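Asker: Turn this into a model:
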Amino acid sequence: EVQLVESGGGLVQAGGSLRLSCAASGFTFDDYAIGWFRQAPGKEREGISCISSRDGTIYYVESVKGRFTISSDNAKNTVYLQMNSLKPEDTAVYYCAAGVDGCLDVVYEYWGQGTQVTVSS
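Answerer: Below is the predicted model:
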C-alpha cells in the first residue's frame, strides 16, 4: 500500500521557521519525484517545490525561492521542506505528492493527507 504521510506543520509567527516531512512507503522511492503543494482557503492548489531522485532535478516556485529548501533522505524514504522567513501568506494546508519521473515531467499519482501551516502576523 502506497502511503505519503506529512508532518511538521503548526502555528508560527511571521519570520519563523518550520520543517515539513513527507514519509513515503509502498513504492520504489528512487524512481519517483516528490512534490510539495499548498492550498490556502479559497485558493487553488499551488505546486511550490519538487525533488526527483530519478534525475536529480529540483524545482521551486518563485514565491518561495530563497526561503524554502527541499531535501531528500533516500535511506529514510523521506523528503523535507525547510521553510524559513515565513510570511502570513504562506498559511495553507501543505501536501506532498509522488510521481514517476523528473520534476519537469512528473504526473503525480499519490498524495498525502496534508498538514496545516499557519503563520501569524
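Asker: Nearest residue to the middle of the protein?
Answerer: residue 36 (2.5 Å; Cα atoms, centre = their mean).
Asker: in what helix or strand does it lie?
Answerer: strand 32-39 (DSSP states H and E).
Asker: picking that back up, so what's the residue nearest to the centre of the chain up against?
Answerer: 20, 22, 47-50, 70, 79, 81, 94-97 (Cβ atoms under 8 Å, 6 or more residues apart in numbering). Backbone N, C-alpha and C define where each C-beta goes, glycine included.
Asker: Nearest to residue 61 among those?
Answerer: For the contacts of residue 36, the residue nearest residue 61 by Cβ to Cβ is residue 48; the value is 4.8 Å.
Asker: what about the protein, any weak spots by pLDDT?
Answerer: The model of the chain has no residue with pLDDT under 70.
Asker: so who does residue 2 touch?
Answerer: 24, 25, 26, 27, 98, 109, 110.
Asker: Likewise for residue 117?
Answerer: 9-10, 12, 18, 20, 38, 83, 86, 90-94 are the contacts of residue 117 under Cβ under 8 Å, 6+ apart.
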